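> okay, predicted coordinates and the sequence, questions at the end:
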Amino acid sequence: MDANSLTGLLLILLAGTCSGVFSVPFKFNRGWVWENNWFVWSFAALLVMPWAVAWLTVPGLGALYGGNPGGTALVALFGLLWGVGAILFGKGIDALGISLSLPIMQGLINTVGTLTPVLLRDPAELLAPSGLRMLAGIAVLLAGIVLFAVAGSRKAQIQESAQRQSAGGRRFRTGLLICLLAGIFGPMINFAFVYGAPLQQRAVELGADPVYAGNAVWSIALTAGFLVNAAECLRLFRRNGSWRNYGQRRAGGLAWAAVAGIVWYLSIMLYGMGGSQMGEAGATVGWAIMQSVAIIAGNVAGICAGEWRGTTRHARTPMVAGLACLIAGIVILSGAM
């Protein structure tokens, strides 16, 4: 592994950590419902931070986007699709908690986002030694997802009282469906990165450091995602009257939700920087490693937050086994770089 790849790997490990723990500040906003947190998060993570960072690191943004309207529109389309996944992602966390929802969602996002760019570029790559190693790593990660799903089902049964076991089971099944859909739409942000390569190349031509060229993609893709997320939050404000919650907890609540947005944006920015350093492997192996680290970090955060308190070894054993599978998958995938 050369110096650039090593630097890229370290940045992606940090990106995965940020992605896994970004939602922790939401837990401090008692009295707020999902849309209160998510609206502030969306504003900070998908609108303010992407444009502020792009303006600071990429010269000539107007000329960049105006000179390639087709590429800009394609990136925006992937951003819109990802925006649907982001809504489902937030609701998945709300439904199943950090330690269960993240493994399921990030695992599917990992698999789809890793394999699809290779299949679209050249399926024969999967038959090469590095491709076979990638497939082996993904298979181990999928085993971890299955184990986490088993653990979550057992956790839901244990933590619900006898009177609410059937409702708890329905909640788990509904939450699981939300997480599966989030896993399908979530990788669209990686597609924006992959198909935004012409914008990144043009950004370098206009004077941007290649490490920061990905910021030209995030500003467009995430703004498109913001439109979807903001529209959903406004719909819920109107239906639930939850806009009033901002009056009950204003400065502190806004601050915590904004911190969550900043931490999440750092994850996607660091992924872009690390992916640029790793070359072609950044959008495949790098993506898989980032998502796997996010699962581990999110699970540790969930354990620290007490989400598994009161469960038995019957529920915790598959969770620990799933965690071991994720770590093994990361090691296998690192060898494919």
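Sure thing, it's come through. For clarity, every value in this text was computed on a predicted model and none was experimentally measured.
> give me the low-pLDDT residue ranges for the stretch 201-337 of the chain?
280-283, 334-337 (pLDDT under 70).
> ok, and the closest non-adjacent residue to A95?
The shortest distance from A95 to any non-neighbouring residue, by Cβ to Cβ, 6 or more residues apart in numbering, is to G175 (3.3 Å). (Each C-beta comes from the backbone N, C-alpha and C, glycine too.)
> any idea how far the helix or strand hosting Y265 is from the middle of the chain?
Here Y265 sits within helix 251-278, counting by DSSP states H and E. Put simply, helix 251-278 sits 10 Å off its chain's centre (Cα atoms, centre = their mean, to the nearest Å).
> buried residues in it?
253-254, 256-278 (16 or more other Cβ atoms under 10 Å).
> what's the answer for stretch 20-39, then?
20-26, 28-29, 32, 34-39.
> over to stretch 54-69?
Those would be A54, T57, V58, G60, L61, L64, Y65, N68, for stretch 54-69 by 16+ other Cβ under 10 Å.
> mind listing what the second one touches?
In other words, T57. A208, D209, Y212, N215 (Cβ atoms under 8 Å, 6 or more residues apart in numbering).
> let's see 10 Å
A203, A208, D209, V211, Y212, A213, G214, N215, A216, M269, M273 (Cβ atoms under 10 Å, 6 or more residues apart in numbering).
> tell me which strands and helices the helix ranked longest in the chain is in contact with?
Ranked by residue count and defined by DSSP state H, the top helix of the chain is helix 129-159. On a contact count with 3 or more Cβ pairs under 10 Å, 6 or more residues apart in numbering; DSSP states H and E, helix 129-159 meets helix 69-96, helix 98-121, helix 165-185, helix 285-304, helix 313-334.
> tell me the average confidence for that helix?
Mean per-residue pLDDT for helix 129-159: 78.
> and it, what's buried?
The neighbour-count check on helix 129-159 (16+ other Cβ under 10 Å) flags 131, 133-138, 140-156, 159 as buried.
> now that helix, how far from the centre of its chain.
17 Å.
> with stretch 237-246 instead?
On Cα atoms, centre = their mean, the centre of stretch 237-246 falls 26 Å from that of its chain.
> what does it contact?
For stretch 237-246, the surrounding residues in contact (Cβ under 10 Å, 6+ apart) are 29, 31-37, 39-40, 233-234, 236, 253-254.
> now for the nearest residue to A288 once chain neighbours are set aside, how many residues are close by?
Nearest residue to A288 in three dimensions, chain neighbours excluded: T114, at 4.3 Å (Cβ to Cβ, 6+ apart). T114 has 27 neighbouring residues, counting by other Cβ atoms under 10 Å.
> contacting residues for T114?
Contacts for T114 (Cβ under 10 Å, 6+ apart) come out as 134-135, 137-138, 141, 187, 190, 283-292, 333.
> contacts only, for G274.
By Cβ under 10 Å, 6+ apart, the contact set of G274 is 5, 7-16, 211, 214, 282, 286-287, 289-290.
> got the contact list for the closest residue to it other than its chain neighbours?
Ranked by Cβ to Cβ, 6+ apart and with sequence neighbours excluded, the top spatial neighbour of G274 is L11, at 3.3 Å. Going by Cβ under 10 Å, 6+ apart, L11 touches 211, 269-278, 282, 286, 290.
> those residues into TSV, with extra columns for distance to I303?
Formatted as TSV, the contacts of L11 follow (distance: Cβ to Cβ, whole Å):
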residue	distance to I303
V211	34
M269	27
L270	24
Y271	24
G272	29
M273	29
G274	26
G275	29
S276	33
Q277	32
M278	30
G282	30
G286	26
M290	21
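> tell me the one among those nearest to G196.
G196 has its nearest neighbour among the contacts of L11 in G272, at 9.5 Å by Cβ to Cβ.
> what sits closest to that closest one if chain neighbours are left out?
Nearest-residue entry for G272: G214, 2.8 Å, with adjacent residues in sequence omitted and distances by Cβ to Cβ, 6+ apart.
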